[in-house]
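# Generate a structure from the sequence data that follows.
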Amino acid sequence: MRKLLTILALLPALLLTPVLLPQAAYADGSEAAPIEDYASYEPQTTCHPKPRAGTVALAEWLTSELGGGGGATGRACGGGASEHKDGRAIDWTLDAKDKADRKTAKAFLKLVFATDDQGNTHALARRMGIMYVIWNDHMYSAWDQFEREGYLSSSCKTRKKCSKTLRHRDHVHISLSMAGAKGKTSWFTTAG
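Next comes the predicted model:
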């Protein structure tokens, strides 16, 4: 009876004590870094016309692992705002009219937006620091949990009068958060 009373007396404390679950581990046994939250929109606020280290690394990974061309692209400062002018954008050359390129883009989107084995939605995109992706008249933004939505460049009045480049039909545009562009997210520091 004394044992039962002791257990009952300790029960509230046991129920209120947080349970610490072990951190997820990679297949090689190393611990996975905590996953980043969804990136919020970070507009260009500085001028850095050369691609940043993380931008270059991700662009090189894309072309070496999945194919296509292009890569991290910088632009001269001045004019309107663009992550290209901040070293945080990739223009990955794929053609929406080409069946193989469409298949490559689809495989990329499936890969980065997949749920990992720890249950983290859009895991790779979050770990890479992807802020948004534009491809083939559609945009996938982190602040909307990468929900697919129609896209029309602000430079175009209609799709018919819009170039294939502004419609992102000749390339996949990927903008990174500042942390992703600097290579300071978990994909670069642990998994990449």
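
# quick one, what contacts the closest residue to A57 other than its chain neighbours?
Leaving aside its chain neighbours, A57 sits nearest to G183 (5.8 Å; criterion: Cβ to Cβ, 6 or more residues apart in numbering). In short, each C-beta sits where N, CA and C put it, glycine included. Contacts for G183 were tallied using Cβ atoms under 8 Å, 6 or more residues apart in numbering; they are R52, A53, G54, A57, T189.

# Over to A59?
By Cβ under 8 Å, 6+ apart, the contact list for A59 reads P51, G70, G71, A72, I90, W92.

# quick one: it and N120, what's the gap?
Separation of A59 from N120 (Cβ to Cβ, to the nearest Å): 24 Å.

# and which of the contacts of G183 is nearest S40?
Minimum distance to S40 across those is 17.2 Å, recorded for G54 (Cβ to Cβ).

# where's the residue nearest to L62 when sequence neighbours are not counted, which helix or strand?
In space, and not counting its chain neighbours, L62 is closest to W92: 5.3 Å by Cβ to Cβ, 6+ apart. Here W92 sits within strand 89-93, counting by DSSP states H and E.

# Could you do E65 as well?
Per DSSP H and E: helix 53-66 holds E65.

# how many degrees apart are that helix and strand 89-93 in direction?
On the basis of axes from the mean of the first three to the mean of the last three Cα atoms, to 10 degrees, helix 53-66 is oriented at 20 degrees to strand 89-93.

# Using CSV, write out every CA atom in the next helix or strand after helix 53-66.
Reading on from helix 53-66 to the C-terminus, the next helix or strand found by DSSP H and E is strand 69-72. The C-alpha trace of strand 69-72 is given here as CSV (Å, rounded to 0.1, in the frame of the first residue of the first chain):
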residue,chain,number,x,y,z
GLY,A,69,22.8,23.9,-66.8
GLY,A,70,23.2,27.4,-65.5
GLY,A,71,23.8,28.0,-61.9
ALA,A,72,24.3,30.7,-59.3
